[in-house]
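A.B. asks: Quick one, what's the 3D model for this:
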Amino acid sequence: QVLLVESGGGMVQAGGSLRLSCAASGRTSGSVDISWFRQAPGKEREFVAGISASGGRTYYADSVKGRFTISRDYAKNTAYLQMTILSLEDTAVYYCAAKYLGVVRTAQYDFWGQGTQVTVSS
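C.D. replies: A predicted model of the protein is given here:
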């Protein structure tokens, strides 16, 4: 079992930056692949970024490539999503998710956090 707790959401003006954190706990939390998803009102949950268990591979949705950076700190057992040049379209609830055996861009993850709201204002 892996427990995920997100933090760092909030309100920011368009063009600004925000960093989300995903604290993982559990016996095997260091060996899971971690991804961020987001869900805006009335829309389906979508893949944002993912990082492999080793940290050697990262994956991004085209809509955030070049603006968002995913990383992880093994000493703190925490993954991060650094978001820059935020736009109104980035407003959503952001979820951290974890699974074994590789990052996938669909929502087929075994463990999910509770979500954190990100609101971008004009």
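A.B. asks: ok, and the closest non-adjacent residue to residue 93?
C.D. replies: Nearest non-adjacent residue to residue 93, counting by Cβ to Cβ, 6 or more residues apart in numbering: residue 115, 4.4 Å away. All C-beta spots, glycine's among them, are computed from the backbone N, C-alpha and C.
A.B. asks: where's the one you found relative to residue 8, distance?
C.D. replies: Using Cβ to Cβ, to the nearest Å, residue 115 is found at 12 Å from residue 8.
A.B. asks: The residue nearest to residue 93 reaches residue 97, doesn't it?
C.D. replies: No: with contact defined as Cβ atoms under 8 Å, residue 115 does not reach residue 97; the gap is 10.3 Å.
A.B. asks: what sits in contact with each of the two?
C.D. replies: Common contacts of residue 115 and residue 97 (Cβ atoms under 8 Å, 6 or more residues apart in numbering): none found.
A.B. asks: does the residue nearest in space to the middle of the chain count as helix, strand or coil?
C.D. replies: The residue lying closest to the centre of the chain (Cα atoms, centre = their mean) is residue 36, at 2.5 Å. At residue 36 the chain is in strand, as set by DSSP: H, G, I helix; E, B strand; the rest coil.
A.B. asks: Name the nearest residue to it, ignoring sequence neighbours.
C.D. replies: Per Cβ to Cβ, 6+ apart, closest to residue 36 is residue 48, 4.4 Å.
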